[in-house]
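S.K.: Return atomic coordinates for the entry below.
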Amino acid sequence: MEAIVPLEKSTDSYKFLEVPEEIWIKNIEIRTESGDSINHEITYNNITKTQIITLMFSQPLTDSTLNIELDLMDIIQKKDEIFFFEWWYASEEEEYHTAVVTLPQGEELLELKYITPEKAEEGDRVTVFCKGKSGPKDDFRFQIAFSSAGRYYIGLAEKYQEEERYDPAIFYYRRAKSIYGQFNLYRPDGAALLAELQNRIFAMQKIQADSTFKEGLAALDQKDFETAKPLFEKAQNLYNILKDTERESKCREMINECERLKGLKEADRVLEQGKEQYRNYGYLEAEKTFVQAKNMFEELGDAEKVSECEEWLQKCNDIYETVLMAILGILVISLTLRQRFRE
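M.R.: Coordinates of the predicted model:
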């Protein structure tokens, strides 16, 4: 941080500057406009709770300015993944200031509040130049928001996108968009950056939806309804987000088809169970099972299978009739023989 302090002509051999206690100073260097170094001493005032910088002069002052360069500690706050650096300076007399803030390497300037910077230079490290004044009515104040998280998340997202791992790629693009979206971005292409991130998310959701839909079709071709249905449901949700009503409707059709085919598979299982019971002479159990299978096929609208169930039910009835006729025949013969014995 660099502060420029105007000094009026004076014969005093010292001058005092006060700095709030919240601002911890180290590595201070003070020099005149001509470049001469000024001796100084820093003390703490327990009454006013301020740090006192005492400037000591070896000769009377002419109208001049002092350049004060200092490093500041413990005034950077971190919220989530964003760092905030805020500086303010108050004075009873009008004073002019120049602040030069260099961000740590890899950090990105997100927003500058309370003051319009003279310029911001980018290279390995971002440097921000601010000018302003303080006085009885105004403080010299500014706040800088910076972070490396946005760039880091975009890098991760691009890596996962190249690997066609779309879930984590979308997740990290959204994280980056969330960070940039919190601020009135200092960079001139801020709006374009947010739009680009949203377009990338949209494009990957489209790829992801189409890919998931194809996976569902492949599972359906293999009669793997348990796998196919959740894939179509996932694709449906993605198309809903994309507002693609046509593809969303197609997914709904395939979900219904999965449920129908799954129902047919279960109904076929019940029908085969009835056939097995019939072959093992369990005609009463078989009849109940065929009725159950028939009802299932009727709900699914499979007329051909309903007809097959009815044929098996008829076979059961034929067995009953045959058995009944045999029993009646035995009774007739028994009664006839009994009558003859009586004669």
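S.K.: roughly how far apart are the residue nearest the centre of the chain and Lys49?
M.R.: In the chain, the centroid-proximal residue (Cα atoms, centre = their mean) is Phe171; its distance is 4.0 Å. With distances taken as Cβ to Cβ, to the nearest Å, Phe171 is found 47 Å from Lys49. Quick note: C-beta positions are derived from backbone N, CA and C, even for glycine.
S.K.: Repeat that for Leu242.
M.R.: Going from Leu242 to Lys49 by Cβ to Cβ gives 58 Å.
S.K.: Who has more neighbours out of those two?
M.R.: Higher neighbour count among Leu242 and Lys49: Leu242, with 15 against 10, using other Cβ atoms under 10 Å.
S.K.: so which strand or helix has the residue lying closest to Leu156 once chain neighbours are set aside?
M.R.: Using Cβ to Cβ, 6 or more residues apart in numbering and skipping residues adjacent in sequence, the residue nearest Leu156 is Tyr172, 4.5 Å away. Using DSSP states H and E, Tyr172 falls within helix 166-181.
S.K.: buried set for that helix?
M.R.: Tyr166, Ala169, Ile170, Tyr172, Tyr173, Arg174, Arg175, Ala176, Lys177, Ile179, Tyr180 (16 or more other Cβ atoms under 10 Å).
S.K.: and stretch 45-59, which residues are buried?
M.R.: Neighbour counts over stretch 45-59 (16+ other Cβ under 10 Å) mark Thr50, Gln51, Ile53, Leu55, Phe57 as buried.
S.K.: element containing the third one?
M.R.: Under DSSP H and E, the secondary-structure element containing Ile53 is strand 50-56.
S.K.: who does that strand pair up with?
M.R.: As defined by DSSP bridges, the strand partners of strand 50-56 come to strand 14-20 (antiparallel), strand 39-45 (antiparallel).
S.K.: quick one: Phe232 and Glu259 touch, right?
M.R.: No. Counting by Cβ atoms under 8 Å, Phe232 stays clear of Glu259, with 10.3 Å between them.
S.K.: Phe129: what secondary structure?
M.R.: Three-state call for Phe129 (DSSP: H, G, I helix; E, B strand; the rest coil): strand.
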